[in-house]
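Student: kindly return the folded structure for what I paste below:
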Amino acid sequence: MSQAAERPGQPALITTTQTLTWYELKEQTDRVAIGLATCEIKGGDPVALLLPNCPSFVIGFLALARLGAIAIPLSTELKAEEIRSALQASACRTLLADNRFSDLCLSLLQDGTLLHAFVRDAEDLGLPSLASMAAEATRPLRNPVPSEDTNLVEQFTSGTTGRPKRIIRTHAHLMKEAAAFAAAVGTSSADRILAVVPLSHAHGLGNCLLAALHAGATLVLQERFDRRETLRLLSQERITLFPAVPFIISLLADTRTREPVDLSALRLCFTAGSALRHETWIKMQDRLGISLRQLYGSTETGALAINLDENVAGTIESVGRPLDGVSITTLDEAGIFLPPGTEGEVAVQSPAAAEYTVGLQGKKRLPAPDGWIRMGDLGRLDPEGRLYLTGRKTFVINVAGRKVNPDEIESVLMEHPSVREAVVVGIQDPYGEEVVKAVVIPRGAGTVEEILTHCRERLADYKVPRIVEFRCTLPRCPTGKILRKRLMDPACVS
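Tutor: Presented below is the predicted three-dimensional model:
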């Protein structure tokens, strides 16, 4: 960690209760790496991180990187069955978890799913903690530094049950992403980056954590989103870079505070994960004087493009131009390149992109034979190379920037004895945000509340249907395929 040598006394991580300098961060990272190595965690071993935005996440991630192990960041919003499924899909036997997951850790140890489990810092939960591990490490860290082509991170791109798809990226992939982002944005050690977006998400990992590590910037961690706390941190911590999602921005724009919010230090605020609505941009500009930008990327590729136009008011809807080394085009159904202004499927090439996905059918190369990665998004390029997204080619649901696989929810619904058939789609709510709608053909006398309770016990809260509609039949084409678009009418709600 070169930053520890170059700026040992500068704050690396800041929370509401703690500040770690770059020297202290390196020291604790080395100690946790030693502790993990003592437990025979070695290069290539998958280790899951079930932690919020806190120093333990950063320390755990860096310790695994130092050992050459594979970090598997998991959302703390997942339920027990989703976590178990993710661990099994990755053949992961070690978990670094927040204290509130201690009972789950003990259960997973008891049934043999896990060999090792560590909680964050509590000593009275019947499990070893990362804090005690760091305090007790004594021997020096002698493990060789991993090579650039060593696998570093494994992430799930959609559901972790039903049809899991995993993406594995190397040290080199993440370093190239961070370098391209820094070249575009001009990050430096003077920057202060606010991490509200979960570090377990590709957006938070790449555009918060990696951005700070690459530049030697200070990372301010907000463990749980609270709109007034976010505004306080932006003001009092003199934040200069704020990666967000449109849902968070919309809430901030509607928040009234007693004290004025000083955002004079903020030089760049950008959103990713879902489309930024024009009304949200205007509201944020009027309310807080912030000219929002959009960034485009994915779990598979990392950051790809960002809108840094000087006159962004004229290109609000654009996600910008490609980062260094990234190529973006649009293709028709036959894979033919389309001219500027013509809508087609967005395809990309990036040196930071994963090379393959891993699913139930094993490994599959991510780029098509022609070398281009199909993103599943529809869009068009303008003559200056800006990308405008116009829709999705697939039925993935975008809930406040989090991708939801309908197949996963349908599988859970079909487990309920009162459900004969189920189809899940995404629809827009009155605020323009996409929400999950389940259309169910019932069996017997099941109720909506029974079905929702079943889902809440098995799915992260953001995956639980907001709307459940009972029908006698489903619309189908002559070949029997369900016409999903006909189910996206929000008017008929049970």
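
Student: the longest helix seen in the chain - contacts with which helices or strands?
Tutor: Counting by DSSP state H, the longest helix found in the chain is helix 22-38. Using 3 or more CB pairs under 8 Å, 6 or more residues apart in numbering; DSSP states H and E, the elements in contact with helix 22-38 are helix 2-6, strand 11-14, helix 55-67, helix 130-136. C-beta here means a position set from N, CA and C on the backbone, and glycine is covered the same way.

Student: mind checking the SS state of Leu106?
Tutor: Following DSSP: H, G, I helix; E, B strand; the rest coil, Leu106 is assigned to helix.

Student: residues contacting the residue positioned nearest the centre of the chain?
Tutor: Note on the chain: the residue nearest the mean C-alpha position is His201, at 1.8 Å, using CA atoms, centre = their mean. Applying CB atoms under 8 Å, 6 or more residues apart in numbering to His201 gives the contacts 73, 75, 273, 401-402.

Student: Gly60 too?
Tutor: Applying CB under 8 Å, 6+ apart, we find Gly60 in contact with 32, 47, 49, 51, 71, 96, 130.

Student: looking at these, which one is closest to Pro430?
Tutor: Distance to Pro430 across these (CB to CB) is lowest for Leu51, with 34.5 Å.

Student: residues near that closest one, how many?
Tutor: Using other CB atoms under 10 Å, Leu51 has 29 other residues around it.

Student: and if you look at the one 5 residues further on?
Tutor: By other CB under 10 Å, 25 other residues sit near Ser56.

Student: so what's the residue nearest to it when sequence neighbours are not counted up against?
Tutor: Excluding its sequence neighbours, the residue lying closest to Ser56 (CB to CB, 6 or more residues apart in numbering) is Arg120, at 4.8 Å. Arg120 makes contact with 51, 54, 56, 96-99, 129-131, according to CB under 8 Å, 6+ apart.

Student: kindly recompute the last result at 6 Å.
Tutor: 56, 98-99, 130 (CB atoms under 6 Å, 6 or more residues apart in numbering).

Student: what pLDDT does the model give it?
Tutor: On pLDDT, Arg120 comes in at 94.

Student: any low-confidence regions in the stretch 101-250 of the chain?
Tutor: Counting by pLDDT under 70, the stretch 101-250 of the chain has low-confidence residues at 158-164.

Student: try 90 this time
Tutor: Along the stretch 101-250 of the chain, segments meeting pLDDT under 90 span 121-126, 131-145, 156-165, 246-247, 250.

Student: now the helices for the stretch 351-494 of the chain?
Tutor: Using DSSP state H, counting those that start in this stretch, the helices assigned to the stretch 351-494 of the chain run over residues 406-414, 448-456.

Student: by how many degrees do the first one and helix 448-456 diverge?
Tutor: Interaxial angle, helix 406-414 versus helix 448-456 (axes from the mean of the first three to the mean of the last three CA atoms, to 10 degrees): 120 degrees.

Student: ok, the residue nearest to the centre of the chain to Leu74 distance?
Tutor: Distance of His201 to Leu74, given as CB to CB, to the nearest Å: 11 Å.

Student: okay if I get the contacts of His201 as CSV plus neighbour count, pLDDT and distance to Leu295?
Tutor: As requested, the contacts of His201 are exported to CSV (neighbours: other CB atoms under 10 Å; pLDDT from 0 to 100; distance: CB to CB, whole Å):
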residue, neighbour count, pLDDT, distance to Leu295
Pro73, 24, 98, 19
Ser75, 18, 93, 20
Gly273, 26, 86, 9
Gly401, 21, 84, 11
Arg402, 20, 86, 16
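
Student: returning to what we had before: buried subset of the contacts of Gly60?
Tutor: Buried by 16 or more other CB atoms under 10 Å: 32, 47, 49, 51, 71, 96, 130, out of these.

Student: looking at these, which is nearest Glu40?
Tutor: Nearest to Glu40 among the buried ones among the contacts of Gly60: Val47, at 11.8 Å, using CB to CB.

Student: name the helix or strand for the closest one, please.
Tutor: Element membership for Val47 (DSSP states H and E) is strand 46-50.

Student: state the distance from the nearest residue to Thr394 once chain neighbours are set aside to Leu304.
Tutor: With sequence-adjacent residues excluded and distances taken as CB to CB, 6+ apart, Thr394 is closest to Gly376, at 4.6 Å. To Leu304, Gly376 is 13 Å away according to CB to CB.

Student: thinking again about what came up before, got a markdown table for the contacts of His201, with distance to Asp461 too?
Tutor: Conversion of the contacts of His201 to a markdown table gives the following (distance: CB to CB, whole Å):
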| residue | distance to Asp461 |
| --- | --- |
| Pro73 | 18 |
| Ser75 | 11 |
| Gly273 | 17 |
| Gly401 | 15 |
| Arg402 | 11 |
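
Student: closest to Leu25 among these?
Tutor: Comparing these against Leu25 with CB to CB picks out Pro73 as the nearest, at 18.0 Å.

Student: quick one: the helices of the stretch 351-494 of the chain as TSV, columns for mean pLDDT too.
Tutor: Shown next, in TSV, are these (pLDDT from 0 to 100):
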stretch	mean pLDDT
helix 406-414	89
helix 448-456	95
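
Student: among these, which is the most enclosed?
Tutor: helix 406-414 (a mean of 21; mean count of other CB atoms under 10 Å).

Student: only the C-alpha atoms, please, for it, written as CSV.
Tutor: Extracted in CSV, the C-alpha atoms of helix 406-414 (Å, rounded to 0.1, in the frame of the first residue of the first chain):
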residue,chain,number,x,y,z
PRO,A,406,-37.2,-11.6,-12.0
ASP,A,407,-36.3,-15.3,-12.2
GLU,A,408,-35.2,-15.3,-8.6
ILE,A,409,-38.4,-13.8,-7.3
GLU,A,410,-40.5,-16.0,-9.5
SER,A,411,-38.7,-19.1,-8.1
VAL,A,412,-39.5,-17.9,-4.5
LEU,A,413,-43.1,-17.3,-5.3
MET,A,414,-43.5,-20.7,-6.9
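
Student: inside strands: which ones of the contacts of His201?
Tutor: Mapping the contacts of His201 onto strands (DSSP state E) picks out 73, 402.

Student: can you show me the strands along the stretch 251-400 of the chain?
Tutor: Ranges of strands within the stretch 251-400 of the chain are 268-271, 293-298, 302-306, 318-322, 327-331, 344-349, 356-359, 362-365, 373-381, 387-392, 397-399, based on DSSP state E, counting those that start in this stretch.

Student: tell me which of those sits most buried.
Tutor: Mean neighbour counts for the strands of the stretch 251-400 of the chain (mean count of other CB under 10 Å) peak at strand 302-306, with a mean of 27.
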